[in-house]
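J.: Structure for this input, please:
(2 chains)
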Amino acid sequence: MTTIHALSHRVRRASAAGLLVALAFSGVARAGGYPTVTDARLAAAATDNGWLMFRRDYAGNSFAPFTQINTHTVKNLHLVWSYRSHLKQGYESTPMVNGQYMFITTPKDHLIALNAVTGKVLWKYVRPMPGVGFKTVCCDVVNRGVALYGDDVYMATLDNYVVALNAISGKVVWQRQLKPADVGYAMTLAPMILKGMVIVGESGGEYGARDFIQALNARTGALLWRRWTTPAPGHLGANTWPKGMYKHGGGSAWITGTYDPSTDTLFWGVGNPAPWLAKLRPGLNLFTDSLLALHPRSGKIKWYYQYTPNDSWDYDGVNTPVITTLRYHGTTYRAIVHADRNGWFYAINRVNGKLIYARQFTRATSVEGFKNGLPYTNNALRPAMNKQVFTCPSFLGGKNWWPISVDPVTHLAYVPTIHTCMTMKGAPTFYHPGLPYLGESFEVVHDPADHHWGALQAIDLDTGRQVWDHESDLPWDAGAMSTAGGVVFSGSARGHLYAFDARTGAVLWRSPQLSSGVIAPPSTFMVNGKQYVAILAGWGGGTPIWGGKMVPVVKNIPRGGHLYVFALR
Amino acid sequence: MLSLSLAAWGVPRGEAAVPALYTAAQARAGHRAYEHHCAACHGRQEQGLVGPALSGPIFASPKANYKVRDIYLFLSVNMPAYAPGSLTPKQYVDIMSFLLQQNGFPAGRTALTHSMASTSAVPLLYHGPRPPTRHARAGGGCGARPSVPRSGAPAASPHCEALVGALPGARTDPPAD
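T.: As a prediction, this is how the structure comes out:
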């Protein structure tokens, strides 16, 4: 049991770390009561009363300094309001909050502004997509939320638009299409705001799109720079592709990056190469399955680290690269930590891109180990036309996109995990714009050594070792959030929001069963001195589509979207 | 000659250019297999849910420029998504027949085969609704094919949603995750 003593201990430590100093000034309330989102507020988003960006702060921690809901009080959480959406596909959006405004997105790119305290709908924008077939959207017609800047709110859409809307009125300020719909590209990520730019990344690794990260002027929508993730001839990495194959080489960039002001570096993860069958494209296939360290003003590459070389298993490297500091074997490092689809937890020196350590967080056989700081693969586990392999994790991971949270107080990373392996075999494929370009057939199965499909586990940043583990019979497909109250939140496939003791993993509180399973990350915010926790339930995403033997297990989870907001009684 | 024989089979004139590639019996068997293996993701009206629409002017558009073989080779290798390639060749051929029917291709006397479907360069274009086969939906059901597949709610009516979702009414509350 958690004791008061343990709690006060936590609070002292948090104060010492400077986390509890008065919450940052949260903007001047303007006409309509909407506090303008400035660069200064974004830089201090970690301590803002709202939730201003995808993973709360530029470092990607998803750690909130609030302590009202803590290990002692969390048992008094109750529902304050809820909002139901009729769409039956997956809900992956993080509720973003500025002042009393909350913004959520739904499947098919509906954007809804609500009063964060009462749940009253302020306005709703339904992205018109006549003529769009959603042909090249692999893993459900999802959206992961908005970005906030000035008095505007930004969404990236399945038909490849970046749309800026006025946060108060919901009117479109500008919109710009980066690629046509249905020819390989789609966007599902929450945009990032940095230095007056809105930055997005394209999906499309399953369709032979040549993907990219794109910066636009946040005020006008003008295109600023484009970072292609597969290099054309004459560019760094071009010799890692067979002639011409970079043109349909994938390398999607479908999860929001992070930013390190101390080195002025933008970090962004890159997805799998296309087609999936690596035999068709010998070489390292840079910069697929890699971490890119970019100059934010130009998109130029400072350095890169490839998590999976010449990937044949669909191990996208897009999972959030979280900026932190850790001590390994007596040395302090400014680091990136990242739990990869391939089953390894990476700590990378964020100044020079060198590996600090890598450790398996679930069974991993395709990437076998590391030599001189670089991963090597087990070539016997590479599928071919007439060769079926059995390897781990499955192409879903390890861990899929569901973001980890890093808690600077406990010094732990909270990692949603699935225990899957797969059979995989080469299959015929051809490139046709609008059709998948895979070259493999596959089936996701259980890790034979683990009878649970999923888990939420805590990993010590200094060692990469597991500290606690909450196992689940169903896959754990939802993001994590930690708080200075010593409580970690995450939702389950069965439809409960969980509050764990950040140190021990003990379940401190579990919500009543929500109307659907959770695949979205939670957020938390303060209004008028009261702390709230928000979560979207709405089962869907990649697991029920591609999940092989998991599909029958999750088949009866009810569908439909429901936003829940909790606070203390 | 093709147009003559189509006319002889009762295909309205003016659409004679649309070849008959499958038999009505294949489409009927394909409909059953589709409902079982595909409808959960693509919709009972092929209108699209988490997977794209598989009939109508947006799916089978000149812009998409699919040939019959493109769609057949893809679906017979990669679908259903959770168990790619797991159906028999006959099932895939039947399902292809059903999809041709739903995109306005007429049934004929010659059965579609795996090798015909794998090599057919016939453009897969939407030719408008066809009279349903005996087994297929006729009126009622989930309502008409939506003019814009996959817009808004997954299906036209509550009745349709119930069919599409395949979800249990009540939830039990099993033990902890």
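J.: use CA for all of it now, contacts and neighbours both
T.: OK.
J.: Show the pLDDT at residue B:22.
T.: What the model reports for residue B:22 is a pLDDT of 98.
J.: same question, the one 5 residues further on
T.: The confidence metric pLDDT takes the value 98 at residue B:27.
J.: for residue B:129, same thing?
T.: Per-residue pLDDT puts residue B:129 at 84.
J.: list the contacts for the residue lying closest to it once chain neighbours are set aside?
T.: Sequence neighbours aside, residue B:104 is the residue nearest to residue B:129 in space, at 5.3 Å (criterion: CA to CA, 6 or more residues apart in numbering or on different chains). Residue B:104 makes contacts with B:126, B:127, B:128, B:129, B:130, as judged by CA atoms under 8 Å, 6 or more residues apart in numbering or on different chains.
J.: now these as JSON lines including secondary structure?
T.: Output for the contacts of residue B:104, formatted as JSON lines (DSSP: H, G, I helix; E, B strand; the rest coil):
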{"residue": "B:126", "secondary structure": "coil"}
{"residue": "B:127", "secondary structure": "coil"}
{"residue": "B:128", "secondary structure": "coil"}
{"residue": "B:129", "secondary structure": "coil"}
{"residue": "B:130", "secondary structure": "coil"}
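J.: need the next SSE after the helix-or-strand element of chain A with minimal mean pLDDT, C-terminal direction.
T.: Using mean pLDDT, DSSP states H and E, helix A:4-16 stands out as the lowest-scoring helix or strand of chain A, at a mean of 35. Next helix or strand after helix A:4-16 toward the C-terminus (DSSP states H and E): helix A:39-43.
J.: Which residues does that next one contact?
T.: A:26, A:27, A:48, A:52, A:53, A:57, A:58, A:149, A:194, A:195, A:196.
J.: For the closest residue to residue B:79 other than its chain neighbours, give me the pLDDT.
T.: Spatial nearest neighbour of residue B:79, chain neighbours left out: residue B:85 (6.1 Å); criterion: CA to CA, 6+ apart. The model reports residue B:85 with a pLDDT of 93.
J.: ok, back up a step: quick one: mark the members of the contacts of helix A:39-43 that sit in strands.
T.: A:149, A:194 (DSSP state E).
J.: can you redo the contacts of helix A:39-43 as a markdown table with pLDDT?
T.: Shown next, in a markdown table, are the contacts of helix A:39-43 (pLDDT from 0 to 100):
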| residue | pLDDT |
| --- | --- |
| A:26 | 43 |
| A:27 | 44 |
| A:48 | 98 |
| A:52 | 98 |
| A:53 | 98 |
| A:57 | 98 |
| A:58 | 98 |
| A:149 | 98 |
| A:194 | 98 |
| A:195 | 98 |
| A:196 | 98 |
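J.: Turn the contacts of helix A:39-43 into a markdown table, columns for distance to residue A:270.
T.: Formatted as a markdown table, those follow (distance: CA to CA, whole Å):
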| residue | distance to residue A:270 |
| --- | --- |
| A:26 | 33 |
| A:27 | 34 |
| A:48 | 29 |
| A:52 | 24 |
| A:53 | 20 |
| A:57 | 20 |
| A:58 | 18 |
| A:149 | 25 |
| A:194 | 19 |
| A:195 | 22 |
| A:196 | 23 |
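J.: ok, of the contacts of helix A:39-43, which one's closest to chain B?
T.: residue A:53 (27.0 Å; CA to the nearest CA).
J.: ok, so what distance separates that closest one from residue A:189?
T.: As judged by CA to CA, to the nearest Å, residue A:53 and residue A:189 stand 12 Å apart.
J.: Residue B:63 too?
T.: 27 Å.
J.: Name the residue in those two with the higher neighbour count.
T.: Using other CA atoms under 10 Å in any protein chain shown, the more surrounded residue of residue B:63 and residue A:189 is residue A:189, with 28 against 14.
J.: give the contact list for the more buried one.
T.: By CA under 8 Å, 6+ apart, the contact set of residue A:189 is A:143, A:144, A:145, A:156, A:200, A:201, A:254, A:255, A:256.
J.: just these now: which is nearest residue B:50?
T.: Proximity of the contacts of residue A:189 to residue B:50 (CA to CA) peaks at residue A:143, which lies at 13.0 Å.
J.: May I have the secondary structure class of that closest one?
T.: coil.
J.: That one: neighbour count?
T.: Residues near residue A:143, counting by other CA under 10 Å, number 27.
J.: Assign the closest residue to it other than its chain neighbours to helix, strand or coil.
T.: Once flanking residues are discounted, residue A:143 sits nearest to residue A:188: 4.5 Å by CA to CA, 6+ apart. Classification of residue A:188 using three-state DSSP returns coil.
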